[in-house]
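> Predicted coordinates and the sequence they were generated for:
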2 protein chains.
Amino acid sequence: MAQIEIEVKSRLDDRPALERKLRQMGARMIDDAVESDVYYDHPSRDFAKTDEALRIRMCGTKASLTYKGPKLDDKSKCREEIIVQLDDSKKAEEMLLKLGFCMVAGVRKRRRVFVWGKFEICVDRVTGLGDFFEIEVVAPKKGYEKVRDEALELLVKLGGKEPERRSYLEMLLPKQDR
Amino acid sequence: MAQIEIEVKSRLDDRPALERKLRQMGARMIDDAVESDVYYDHPSRDFAKTDEALRIRMCGTKASLTYKGPKLDDKSKCREEIIVQLDDSKKAEEMLLKLGFCMVAGVRKRRRVFVWGKFEICVDRVTGLGDFFEIEVVAPKKGYEKVRDEALELLVKLGGKEPERRSYLEMLLPKQDR
């Protein structure tokens, strides 16, 4: 069955305070890396209208191609997600351009990932946008709402504000030339 | 600089005779495997008209995505080729379908690969089409014609007939429902 990426996000004012709180709760930091994403638009669809996304992510020597389907509800950023690992991001980029996809924008961030139970908490410093934290968990499409609500509760517990439903790409786009 | 896949192909009547000849010349067999390809058409381009191709290849546990550009001349099957290795062919397939690509046809073959100098000689038994052999070599786009002519000479030396410029996909398509 299709897997849903459950994702809730908030702007973050005090990064050291959040990381202290996470450690006090027993969360473990499992990753600290710079992620560089390039987003593409479709040759014959307007992803801004269909609320889809296609991106190549480079993280160190690793590369992946991710498709994101439209958001499933109006409370969160939950959406279907398909990720394929690649051996070569440059070749994948060249292929997408040959197929008529075009680069829309880039998102670059330093991401620290903490694990707490089934949740991943990502503490992000996004170039051009500032600090955010995201709570992520993957769940089967059927009945994903229950898990989403738990993630929203955790967001509040960690001092999150009004959930930010826009992706970093959507937040950056008004600032970039399209 | 872009790499060109130089490929010349001929129908093959006597497979054991060709393989004996290759061994007498000192060619080494480096692979013997079943390759299963699925070809896709573009959401807004007719690849049959643009002479492009996009395929997912599965070979044992390995998977790759290949884009092939239009043929560069009328003597051979030389074309630009971009190959990306994937960790999961099923997810890649799912992603292509979500992006509006559609499956056109499948090609299945047993391929034995011999190496002789800079050339690879592939001895293929293609389901539904019979036996063929292909001579393959990768060369820079600039000046590829010289290497192509050497490949054509080798084809004749190995008993090849009139070079077959159609891909297995093109040869199979009239036999399959589109």
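Noted; the coordinates are in hand. Owing to the predicted nature of the structure, the values given are computational and were not obtained by experimental measurement.

> Show me what from chain A comes close to chain B.
A:42-45, A:52, A:54, A:65, A:67, A:69, A:82-88, A:91-92, A:94-95, A:98-100 (CB under 8 Å from any CB of the partner chain). For every residue, glycine as well, the C-beta is placed using N, CA and C.

> Just the buried ones from these?
A:42-43, A:52, A:54, A:65, A:67, A:69, A:82-84, A:86, A:91-92, A:94-95, A:99 (16 or more other CB atoms under 10 Å in any protein chain shown).

> Mind checking which of those residues land in helices?
Counting by DSSP state H, those place A:K91, A:A92, A:E94, A:M95 in helices.

> Tell me the one among those nearest to A:A27.
Comparing those against A:A27 with CB to CB places A:A92 closest, at 33.1 Å.

> Doesn't A:D149 lie inside a helix?
Yes. Counting by DSSP: H, G, I helix; E, B strand; the rest coil, A:D149 is found in a helix.

> That one and A:E81: what is the separation?
19 Å (CB to CB, to the nearest Å).

> Compare those two (neighbour count), which wins?
A:E81 (17 against 14; other CB atoms under 10 Å in any protein chain shown).

> For that one, give me its contacts.
A:Q3, A:I4, A:E5, A:T66, A:Y67, A:K68, A:G69 (CB atoms under 8 Å, 6 or more residues apart in numbering or on different chains).

> so what's the first one closest to, chain neighbours aside?
Leaving out its chain neighbours, the residue that sits closest to A:Q3 by CB to CB, 6 or more residues apart in numbering or on different chains is A:V138, at 5.2 Å.

> In contact with that neighbour, which residues?
A:Q3, A:I4, A:E5, A:I6.

> tell me which residues in the host helix or strand of the last one are buried?
If I follow you right, that is A:I6. Following DSSP states H and E, one finds A:I6 within strand A:3-11. Residues of strand A:3-11 classed as buried by neighbour count (16+ other CB under 10 Å): A:I4, A:E5, A:I6, A:E7, A:V8, A:K9, A:S10.

> Need those in JSON lines (columns: pLDDT and distance to B:A33).
Shown next, in JSON lines, are the buried residues of strand A:3-11 (pLDDT from 0 to 100; distance: CB to CB, whole Å):
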{"residue": "A:I4", "pLDDT": "82", "distance to B:A33": "37"}
{"residue": "A:E5", "pLDDT": "82", "distance to B:A33": "35"}
{"residue": "A:I6", "pLDDT": "88", "distance to B:A33": "40"}
{"residue": "A:E7", "pLDDT": "88", "distance to B:A33": "40"}
{"residue": "A:V8", "pLDDT": "92", "distance to B:A33": "46"}
{"residue": "A:K9", "pLDDT": "94", "distance to B:A33": "46"}
{"residue": "A:S10", "pLDDT": "96", "distance to B:A33": "51"}
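
> Quick check: which ranges of chain A have low pLDDT?
A:1, A:175-178 (pLDDT under 70).

> most remote residue from it's center?
A:K98 (26.2 Å; CA atoms, centre = their mean).

> which non-adjacent residue is nearest it?
Nearest to A:K98 is B:Y67, by CB to CB, 6+ apart, at 5.6 Å.

> Name whatever forms a beta bridge with that neighbour.
Beta-bridge partners recorded for B:Y67 (DSSP bridges): B:L54, B:I82.

> That one contacts B:T50, correct?
No. Counting by CB atoms under 8 Å, B:T50 is not a contact partner of B:Y67; they are 11.7 Å apart.

> my guess is A:I121 meets A:M29, correct?
No. Using CB under 8 Å, A:I121 is not in contact with A:M29, being 9.5 Å away.

> Strands along chain A, start to end?
A:3-11, A:28-41, A:53-59, A:62-71, A:79-86, A:102-116, A:119-126, A:130-140 (DSSP state E).

> Does the first one pack against any helices or strands, and if so which?
The reference is to strand A:3-11. In terms of contacts (3 or more CB pairs under 8 Å, 6 or more residues apart in numbering or on different chains; DSSP states H and E), strand A:3-11 is packed against strand A:79-86, strand A:130-140, helix A:144-157.

> could these be laid out in CSV, adding distance to B:S167?
Shown next, in CSV, are these (distance: least, CB to CB, whole Å):
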stretch, distance to B:S167
strand A:79-86, 24
strand A:130-140, 39
helix A:144-157, 43
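
> Just tell me which of the ones you listed ends up closest to B:R110.
The nearest among these, by CB to CB, is strand A:79-86 at 27.0 Å.

> How far off centre is the closest one?
12 Å (CA atoms, centre = their mean, to the nearest Å).

> do stretch A:155-170 as well
11 Å.

> Stretch A:87-103 now?
The answer for stretch A:87-103 is 21 Å, by CA atoms, centre = their mean.
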